[in-house]
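> Prediction below, plus the sequence it came from.
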Amino acid sequence: MDIRYSANQKDFKRYTTDEIRNEFLIEELFVPDTVKAVYSHVDRMVTFGCMPVKETVPLNKGIDVWHNFGTEYILQRREIGIFNVGGAGSIVADGVTYELGYKDCLYITMGTKEVLFKSNDSNKPAKFYMVSAPAHKPCTTKLITIREANKVPCGDMKTSNKRTINQFIHPDVLETCQLSMGMTALEPGSVWNTMPAHTHERRMEVYFYFEVPENEVVFHMMGEPQETRHVLMHNEQAIISPSWSIHAGCGTANYTFIWAMGGENKTFDDMDNIKNTELK
């Protein structure tokens, strides 16, 4: 498991490009029959990737659970949200099987001992992207398909940010302890994932960019509003964004991204917008 420690905004100002990428960027998530895991000390969020091809892969494969979590199993004191961004596949959670198509989501509650991943077709493997947060009580495991997600259109073509926010693991959809996740899809001709840029002091965020066309990129914006930096990102990469950092990004073409948040609250209008003219 890759461990990332917290970075403060004062030290961040002096980071080189390589240091920023090493601290926040998750470049590779999907390796055949492997679980990739990055533990961030920013709100203790853990990002996972699993691409089962020839095997049924357990969530804890290759992970020293006691050493990294101090528990008997990963979800003993955690909840997790899982999106399938590949071919059709299934997840077995404590003996119950859930079938996930492309862009479907499964929330698994704290206290679930065994989680297994499998692809329906090894030639078109599933790609399970996951984020886990600490939890304090059990909720209800639930499958939410892309059709069942709460859809919120927003933005405008005039400002190149017309998009649909698909709310999955969200207070308006189901109860969780602190984890919130959703998927935002930009329309052709739109490239900004949010406008204006914003911060939310009480919640960190992890972004996972996918459906980035070949030979195109996303410039993920980080840093304090008056001292910004960018990280150049490619398809199927994720990035950790601390609460003190702005949350914004711009691509060379339209794309889709999954956002995951954890922290003090789940109030989605609890953010501080920054005027574009105030950014530096």
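Received it, and whenever you're ready, just let me know what you need.
> Tell me where the model's unsure across this structure.
Within the chain, the stretches with pLDDT under 70 are 265, 268.
> Mind doing that once more with 80?
200-203, 263-271 (pLDDT under 80).
> Tell me where the longest helix sits in it.
helix 17-24 (DSSP state H).
> Show me what that helix is packed against.
strand 227-233, strand 237-241 (3 or more C-beta pairs under 8 Å, 6 or more residues apart in numbering; DSSP states H and E). From N, CA and C alone the C-beta is placed, and that goes for glycine too.
> CA-only coordinates of the helix or strand following the shortest one, as CSV, when you get a sec.
Using DSSP states H and E, the helix or strand that directly follows strand 237-241 along the chain is strand 248-251. Included here for strand 248-251 are C-alpha records, laid out as CSV according to Å, rounded to 0.1, in the frame of the first residue of the first chain:
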residue,chain,number,x,y,z
ALA,A,248,-11.0,22.8,-10.5
GLY,A,249,-9.8,21.4,-13.8
CYS,A,250,-9.8,22.0,-17.5
GLY,A,251,-9.3,19.5,-20.3
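> picking up where we left off before, for the longest helix of the chain, which outside residues touch it?
For helix 17-24, contacts defined as C-beta atoms under 8 Å, 6 or more residues apart in numbering pick out 4, 7, 12, 15, 27, 222, 229, 231, 239, 240, 241.
> With adjacent residues omitted, what lies nearest to the third one?
Same thing as residue 12. Spatial nearest neighbour of residue 12, chain neighbours left out: residue 223 (6.7 Å); criterion: C-beta to C-beta, 6 or more residues apart in numbering.
> Hmm, that neighbour is touching residue 248, no?
No - applying C-beta atoms under 8 Å, one finds residue 223 not in contact with residue 248, separated by 10.3 Å.
> Touching both of those two, which residues are there?
With C-beta under 8 Å, 6+ apart, residue 223 and residue 248 have no common neighbours.
> Between those two, which has more neighbouring residues?
More neighbours surround residue 248 than the other of residue 223 and residue 248, with 24 against 19 (other C-beta atoms under 10 Å).
> Surely that one and residue 191 touch.
No - Residue 248 is not in contact with residue 191 according to C-beta under 8 Å; the separation is 11.2 Å.
> Could you pull up the contacting residues of residue 106?
Applying C-beta under 8 Å, 6+ apart to residue 106 gives the contacts 81, 82, 91, 93, 98, 100, 141, 142, 143, 144.
> quick one: which two of those are the most distant?
93 and 144 (14.1 Å; C-beta to C-beta).
> Out of the helices and strands packed on helix 17-24, flag the one nearest residue 32.
Once the helices and strands packed on helix 17-24 are compared by C-beta to C-beta, strand 237-241 is nearest, at 17.7 Å.
> what pairs with the closest one, and is each one parallel or antiparallel?
Strand pairing for strand 237-241, using DSSP bridges, gives strand 25-26 (antiparallel), strand 203-210 (antiparallel).
> Name the residues that touch the shortest one?
Translated: strand 25-26. By C-beta under 8 Å, 6+ apart, the residues outside strand 25-26 that reach it are 2, 38, 47, 231, 233, 237, 238, 239, 240.
> what does the very next helix or strand once past that strand rub up against?
Note on strand 25-26: by DSSP H and E, the next helix or strand toward the C-terminus is strand 35-40. Contacts to strand 35-40, defined as C-beta under 8 Å, 6+ apart, come from residues 1-4, 6, 26, 28-30, 46-50, 57-63, 68, 204, 206, 238, 240.
> Brilliant, that's me finished.
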